[in-house]
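1. return a 3D structure for these sequence lines:
(2 chains)
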Protein chains: 2
Amino acid sequence: MRTRPLKVALLGCGVVGSEVARIMTAHADDLAARIGAPIELAGVAVRRPGKVREGIDPDLVTTDATALVKRGDVDVVVEVIGGIEPARTLITTALEHGASVVSANKALLAQDGAELHAAAEEHGRDLYYEAAVAGAIPLIRPLRESLAGDKVNRVLGIVNGTTNFILDKMDSTGAGYQEALDEATALGYAEADPTADVEGFDAAAKAAILAGIAFHTRVRLDDVYREGMTEVTAADFRSAKEMGCTIKLLAICERAADGASVTARVHPAMIPLSHPLASVRGAYNAVFVESDAAGQLMFYGPGAGGSPTASAVLGDLVAVCRNRLSGSTGPGESAYADLTVSPMGGVVTRYHISLDVADKPGVLAQVANVFAEHGVSIDTVRQQGKDGEASLVVVTHRASDASLSGTVEALRKLDTVRGVASIMRVEGE
Amino acid sequence: MRTRPLKVALLGCGVVGSEVARIMTAHADDLAARIGAPIELAGVAVRRPGKVREGIDPDLVTTDATALVKRGDVDVVVEVIGGIEPARTLITTALEHGASVVSANKALLAQDGAELHAAAEEHGRDLYYEAAVAGAIPLIRPLRESLAGDKVNRVLGIVNGTTNFILDKMDSTGAGYQEALDEATALGYAEADPTADVEGFDAAAKAAILAGIAFHTRVRLDDVYREGMTEVTAADFRSAKEMGCTIKLLAICERAADGASVTARVHPAMIPLSHPLASVRGAYNAVFVESDAAGQLMFYGPGAGGSPTASAVLGDLVAVCRNRLSGSTGPGESAYADLTVSPMGGVVTRYHISLDVADKPGVLAQVANVFAEHGVSIDTVRQQGKDGEASLVVVTHRASDASLSGTVEALRKLDTVRGVASIMRVEGE
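-> Down below sits the predicted model:
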């Protein structure tokens, strides 16, 4: 074994970073044996230098992250700051100065992955980011390497633990969104500002990353259709139950039937209780991958948290260090397929629509006619009336999002339709 | 991209081999883009040269596998023959002649993995075998690479589709073992001679491979405790149901609490219906991995079949080809931890024991006394009597296998115990 250590710079020392540092120290011998050389912390860039950080030599702590990544003797930079800047500049600078990079930064990778990969390739260094998607669950590596000889057609999963916790709570207790969110916040599953999670930005970033790797095509955050879960109601869960379903916030990346285009989207959806994703509880994540030869695979585990994320970071760190020793690099960006990323209108799925309608004869016929005019075939319809008001619950067969949007627009114009109470996609069948 | 193709020799052209060849042709452009160079079939070694093989140039077919692997211009040899010989000699010869090897051969890897890895390392070549365990499910790579920075404590799973199909059938229909086996055979899920599957040899080989990688320790097939599932009865399933359990053939690799030793075993076990493994149906496989930092991960998918296995083979083929191009090799054997592989006696778990006893006063006290004398604590006991005969069903707390064996031996000597109807371990709690 080589005795000169590989030097690792850590950018950020919060929940994930401190755990990465702790494991690097606690399991130094194991890591050295697995890598083929010892690794040592060369520096830890933080915002608040005064804070006591157990197990970290205070001499290693710096507020000058730029100087740390420019040192030139650093073999690997681990970026666990998050956010776009200064992370982007620091990663780029690190690559320019000869370091490989391990990152957990989903937002940055989803936005600027192509440029960062190009920088890594230009400088002959690695850029690994298993921790950016679904925490500890090995997903990037299986998609990029294990399935490298297969054709992936679909990635469908729960990739945000916070929203899954909230939806699971709503499902199991009948609570409304706000009540469930409050509990998630109190328990530390939701941040003080939960926007990134509940509005689906976090899941959309992950969907962009997964779609890009799965389809060998650049997919940016802006390409991902995004709908949060703040408008999911207790009534939606009751409707879902009547259909033998529950509601999950799903990230779905699909290859179109013609094979020439792909879509990526994040939205709440009803899925049958018999679907394995329906039983993913609490803050866990689970992702289905469907491919031509392998068929249907599922990956399940803790999607967030300091230790699980650190596990993914350290797996990458070992791989990147091994590559440094052998003078090679792992797989970089693979975007050769360059498929069209289609907008949401082309997505084909099923829909559950609740309408408030006037309780009088002929309404159902009128509504059914609108669906027919837009080429949306109805699977089931259920009518409930009381006191001159009535509700119609329509579940469609598979139809394009554009056709469904046209249908809904036309429904809103009907005198007999008082309102569209909810529209939810039905997936996983 | 390099234009000179990498040459691939295929050993075996059965269900898996023919699918590997088909995908290599059908997806040649994709594979070339992902590898960075085209790949071409250099030869296909078969036993029956006369058979028509669609899509394979007859000029490539040979019965002289040895000459093929000795050619010297072959970059990668894909071995999908199975069995120990001639596969072992062919793989060794291929490595000696400068080829990297991709294998799906669980029996060979479990028996001679250390020697084959040593040969690969000596010649600076890769030996990959994702397809040897759990078909298409990425498991070797996640354990070896994604979790390389973590400490794996347990691998527990269903790794044989044939036995899972049979047990699932027994569970859902109340059928006996033979009836369920007959159906599995008729449907092609079981081979004409099902011994390797139903006696647990196949699962034991996979357990040896998984334990070796998970614990960085050499674990050979002989180190794995093995108990088949041919003696599982419809009555066992009724007992399991009464406990809210089902029965699965499990492969379990565990690190002992003291961290210094590991065990690997394959046997039928009761697991709670609430456990995710309980709902793994048909011929599917699923494996739980528990580690210090990542927590609990699950991997699920088709565990066998031509296409799924080919998917895993091709993923390895792409990786190995990439390594050839960059002049590097992937992770080899990691056995540095060299932990003691303990025999079954040290394994600690719970047990479900059915006893046929005399229906008279004092029997329960006598039986309970035997458990107590051997330090095995009873969780629940249920007594059923009819016509002077009675049965006692005892479920224990956690105890060592050695203590349980001593208990059972002593029970058999009691006059009032007519027989031990069944002993089954209870896992997954």
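2. can you tell me which residues contact A:Leu127?
-> Contact analysis of A:Leu127 by C-beta atoms under 8 Å, 6 or more residues apart in numbering or on different chains lists A:Ile91, A:Leu95, A:Ser100, A:Val101, A:Ser103, A:Leu116, A:His117, A:Ala119, A:Ala120, A:Gly332. Any C-beta I mention is one placed from the backbone N, CA and C, and that applies to glycine too.
3. tell me the pLDDT at the first one?
-> Read that as A:Ile91. Note on A:Ile91: pLDDT of 98.
4. any idea how far the residue nearest to it when sequence neighbours are not counted lies from chain B?
-> Leaving aside its chain neighbours, A:Ile91 sits nearest to A:Val101 (5.2 Å; criterion: C-beta to C-beta, 6 or more residues apart in numbering or on different chains). A:Val101 sits 16 Å away from chain B, going by C-beta to the nearest C-beta, to the nearest Å.
5. pLDDT score for A:Val101?
-> For A:Val101, the predicted pLDDT is 98.
6. if we can go back for a sec, buried subset of the contacts of A:Leu127?
-> Neighbour counting with 16 or more other C-beta atoms under 10 Å in any protein chain shown marks A:Ile91, A:Leu95, A:Ser100, A:Val101, A:Ser103, A:Leu116, A:His117, A:Ala119, A:Ala120 as buried within the contacts of A:Leu127.
7. the stretch 101-250 of chain A: strands as residue ranges?
-> Assigned by DSSP state E, counting those that start in this stretch, the stretch 101-250 of chain A shows strands spanning A:127-128, A:152-158, A:225-226, A:245-255.
8. need those in CSV (columns: mean pLDDT).
-> Output for the strands of the stretch 101-250 of chain A, formatted as CSV (pLDDT from 0 to 100):
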stretch, mean pLDDT
strand A:127-128, 98
strand A:152-158, 97
strand A:225-226, 97
strand A:245-255, 97
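9. leaving out chain neighbours, which residue sits closest to A:Ala93?
-> I think there's a mix-up here, since residue A:93 is Thr and not Ala. Closest to A:Thr93 by C-beta to C-beta, 6+ apart is A:Val69, at 4.9 Å.
10. doesn't A:Ser100 make contact with that neighbour?
-> No. A:Val69 lies out of contact with A:Ser100 (C-beta atoms under 8 Å); the separation is 11.6 Å.
11. intersection of neighbour lists for those two?
-> Common contacts of A:Val69 and A:Ser100, defined by C-beta under 8 Å, 6+ apart, comprise A:Val77.
12. ok, the residue of the stretch 301-429 of chain A found nearest chain B - contacts?
-> Nearest residue of the stretch 301-429 of chain A to chain B (C-beta to the nearest C-beta) works out as A:Leu314 at 2.3 Å. Residues near A:Leu314 by C-beta under 8 Å, 6+ apart: A:Val20, A:Ile23, A:Met24, A:Leu31, B:Ala148, B:Gly149, B:Asp150, B:Ala293.
13. contacting residues around the residue nearest to A:Thr93?
-> Contacts of A:Val69 by C-beta under 8 Å, 6+ apart are A:Ala9, A:Leu11, A:Val77, A:Leu90, A:Thr93, A:Ala94, A:His97, A:Ala99.
14. so A:Leu31: helix, strand or coil?
-> Under the three-state scheme (DSSP: H, G, I helix; E, B strand; the rest coil), A:Leu31 adopts helix.
15. wait, it sits on A:Met24?
-> Yes. Counting by C-beta under 8 Å, A:Leu31 touches A:Met24, with 6.7 Å between them.
16. now list whatever residues contact both of the two.
-> A:Ile39, A:Leu314.
17. ok, now which residue in chain A is the farthest from the centroid?
-> For chain A, the residue at maximal distance from the C-alpha centroid (C-alpha atoms, centre = their mean) is A:Pro361, at 46.1 Å.
18. if we can go back for a sec, so the residue of the stretch 301-429 of chain A closest to chain B is in which element?
-> Using DSSP states H and E, the element containing A:Leu314 is helix A:306-326.
19. after that helix comes which helix or strand?
-> Next along the chain from helix A:306-326, counting by DSSP H and E, comes strand A:340-341.
20. what residues does the stretch 201-350 of chain A put near chain B?
-> A:216, A:276, A:279, A:291-302, A:305, A:307-308, A:310-319, A:322-323, A:326-329, A:331, A:334, A:336-337 (C-beta under 8 Å from any C-beta of the partner chain).
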